[in-house]
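**Student:** Below are the sequence and a predicted model; questions follow.
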Amino acid sequence: MTEVEELRNQLRQFAEERDWDQFHSPKNLAMALAGEAGELLENFQWLTEEQSRRPSPEVLAAAGEEIADVLLYLIRLADKHPTSRQDGRRGEVPYQARNRPQSTEPSMDLITRSSTGPRAIGLLAPSSGAPPPAIVDDRVIGQTVPTAGTALLWRGDFQNARQMLTAMAKRADRHPRKAKKPSSPAEAFHLHRQAQAQRARTLGMLLIELDADYGIALRRAPDIRQACVEAWGPGEGSTVVSLRELLGLVGAHEWRAKGIPIPALDGRIHPHYGVFTPIRREYVDLVAQAPLPQALSSLGLAFDVGTGTGVLAAVLARRGIARVVATDQDPRALACARENVDRLGLAKRVEVVEADLFPEGRAALVVCNPPWVPARPATPIERGIYDPESRMLRGFLAGLAAHLVPGGEGWLVLSDLAEHLGLRSREGFLAMIAAAGLEVAGRLDAKPRHPKASDVSDPLHGARAAEVTSLWRLTARPPNLP
């Protein structure tokens, strides 16, 4: 028997003893494997090629833990996947399995680390070298928070768990004595994202158990069942989630129920969980104020590319455009946009369709508000903020001319925050416009009004204070011009 086969058998026994085999579908295991691979990537994301070959002891230890978890999930997935059982192929990577004591308590790996839904995996104990999850209750309030990296399964009063989370947040927000001073705005941005990711991971260690219908069997616990169903769909068994994510989910439910007032609509937008929320209203105001192209008088058709909540499509319809086609690829966004245009009484004028950027045909006006920062999103929710390698921006510019009628305009709503962070240059951006066969017909600017623009304690304050959001009016360059 090879070491891999021995480890496979140990994992089988480990799961069977705890009745966790019910959770180990190929889908769940593949999702868990992808999550662990993402955590492995975090250790190398901002290193140079040379630094990744000679990592620091801290990075080496952290990466080793994630590699171990990736391997264990991969072996378990290979064992459970039907194709693997048929052809008998197994990876021949030797690994010394860790012996863990049997426990009836849920493992920390029951925790969801995805915004798409709870993952009741229940496979492994914590990574190598990490302590097992601690069962804690009200008695720890006011005491020292357990060591960083220890998962805390809460068994006490729910409201006291919130106090515990606040204490953990204060501890996580303490600035290290020897914090690295960034040498450039781009480095400041990368260090800030690393710190935010570490903070999220630390606060995600406080766990709450949910029953099969998302009930919480703790004192003074709220009824969050409807919020969970809206975000994750019907429950499929008891699970454990982080309190931090659970509170975020409840906040999203309240936003969806109450809606966000949009003055340009004289109404409210009700965002769904996982859909980018239009809390920065300057870009909505720009679309509400920009002069409409003359081509709309002969063809009253506009496209809203990447509609999200549908707020810009609704603004265009309220401005008198006869028909608006709004597109998105995310099922959550499509459902959200349809619900919002229906609430606003615009369902007969706004059609929401699934499409990769553009719908078929040409329009007199094509609007797009892509993610503003060219970086990799760490969670599904961050896809509304970060656009890897400016893919959506480049795709919109490249296809715009082919979807405009003569005299039509494309409205690109974009912040210059990436320029102030050193992640994109103005020259490079204008070169993208020119390369797409477009020219700038005009531009409207607005200063941000969000609180971080004036928060001098923010690590990115310099860039945020200088930020300007612009609506770029783009037209197709005449064929006879170079």
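**Tutor:** Alright, I've got the coordinates.

**Student:** any idea how far the spatially closest residue to residue 263 that is not a sequence neighbour lies from residue 182?
**Tutor:** Excluding its sequence neighbours, the residue lying closest to residue 263 (C-beta to C-beta, 6 or more residues apart in numbering) is residue 281, at 7.4 Å. All C-beta spots, glycine's among them, are computed from the backbone N, C-alpha and C. The gap separating residue 281 from residue 182 is 30 Å, by C-beta to C-beta, to the nearest Å.

**Student:** The two: which has the busier surroundings?
**Tutor:** More crowded of residue 281 and residue 182, by other C-beta atoms under 10 Å: residue 281, with 19 against 15.

**Student:** give the contact list for the more buried one.
**Tutor:** Listed by C-beta atoms under 8 Å, 6 or more residues apart in numbering, the contact set of residue 281 reads 262, 263, 264, 449.

**Student:** So for it, what's the pLDDT?
**Tutor:** Looking at residue 281, its pLDDT reads 88.

**Student:** helix or strand for residue 443, which one?
**Tutor:** Counting by DSSP states H and E, the element that carries residue 443 is strand 438-446.

**Student:** buried set for that strand?
**Tutor:** Within strand 438-446, the residues scored as buried using 16 or more other C-beta atoms under 10 Å are 438, 444, 446.

**Student:** Using CSV, write out the CA atom coordinates for the next helix or strand after it.
**Tutor:** Counting by DSSP H and E, the element after strand 438-446 in chain order, helix or strand, is helix 461-466. Only the C-alpha atoms of helix 461-466 are listed here, as CSV (Å, rounded to 0.1, in the frame of the first residue of the first chain):
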residue,chain,number,x,y,z
HIS,A,461,-6.1,58.4,1.8
GLY,A,462,-3.9,60.3,-0.7
ALA,A,463,-5.3,58.4,-3.6
ARG,A,464,-8.9,58.6,-2.4
ALA,A,465,-8.7,62.4,-1.7
ALA,A,466,-7.5,63.0,-5.3
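
**Student:** closest to residue 172 among the buried residues of strand 438-446?
**Tutor:** Nearest to residue 172 among the buried residues of strand 438-446 is residue 446, at 33.8 Å by C-beta to C-beta.

**Student:** Which residues are in contact with the closest one?
**Tutor:** Residues near residue 446 by C-beta under 8 Å, 6+ apart: 282, 283, 285, 286, 468, 469, 470.

**Student:** separation between the closest residue to the first one other than its chain neighbours and residue 34?
**Tutor:** In this structure, residue 282 finds its nearest non-sequential neighbour in residue 446, 4.0 Å apart by C-beta to C-beta, 6+ apart. Separation of residue 446 from residue 34 (C-beta to C-beta): 38 Å.

**Student:** Remind me what the longest helix seen in the chain packs against, helices and strands.
**Tutor:** Longest helix of the chain, by residue count under DSSP state H: helix 57-80. When contacts are defined as 3 or more C-beta pairs under 8 Å, 6 or more residues apart in numbering; DSSP states H and E, helix 57-80 sits against helix 3-17, helix 26-42, helix 82-87.

**Student:** quick one on the thing from earlier: of the buried residues of strand 438-446, just say which sits nearest to residue 222.
**Tutor:** Set against residue 222, the nearest of the buried residues of strand 438-446 by C-beta to C-beta is residue 446 (38.2 Å).

**Student:** And the pLDDT at the closest one?
**Tutor:** Looking at residue 446, its pLDDT is 95.

**Student:** Ok, residue 139 next?
**Tutor:** Looking at residue 139, its pLDDT stands at 71.

**Student:** do the same with the one 4 residues further on
**Tutor:** pLDDT, the model's per-residue confidence, is 55 for residue 143.

**Student:** Now do the strands in the chain.
**Tutor:** 134-136, 152-154, 206-210, 239-242, 260-262, 267-269, 301-305, 323-328, 350-354, 363-368, 404-415, 438-446, 469-476 (DSSP state E).

**Student:** Of all these, which one is nearest residue 7?
**Tutor:** Checking those against residue 7 by C-beta to C-beta gives strand 239-242 as the closest, at 24.9 Å.

**Student:** what's around the closest residue to residue 448 other than its chain neighbours, how many residues?
**Tutor:** The shortest distance from residue 448 to any residue other than its chain neighbours is 5.3 Å, reached at residue 467 (C-beta to C-beta, 6+ apart). Residues lying near residue 467 (other C-beta under 10 Å) number 21.

**Student:** and if you look at residue 46?
**Tutor:** By other C-beta under 10 Å, 15 other residues sit near residue 46.

**Student:** For it, give its distance to residue 182.
**Tutor:** Between residue 46 and residue 182 the distance, using C-beta to C-beta, works out to 11 Å.

**Student:** Same check on residue 474?
**Tutor:** Residue 474 sits 34 Å away from residue 182, going by C-beta to C-beta.

**Student:** again with residue 50
**Tutor:** Relative to residue 182, and taking C-beta to C-beta, residue 50 is found at 20 Å.

**Student:** How about residue 462?
**Tutor:** For residue 462, the distance to residue 182 equals 11 Å [C-beta to C-beta].

**Student:** Same question for residue 188.
**Tutor:** Relative to residue 182, and taking C-beta to C-beta, residue 188 is found at 4 Å.
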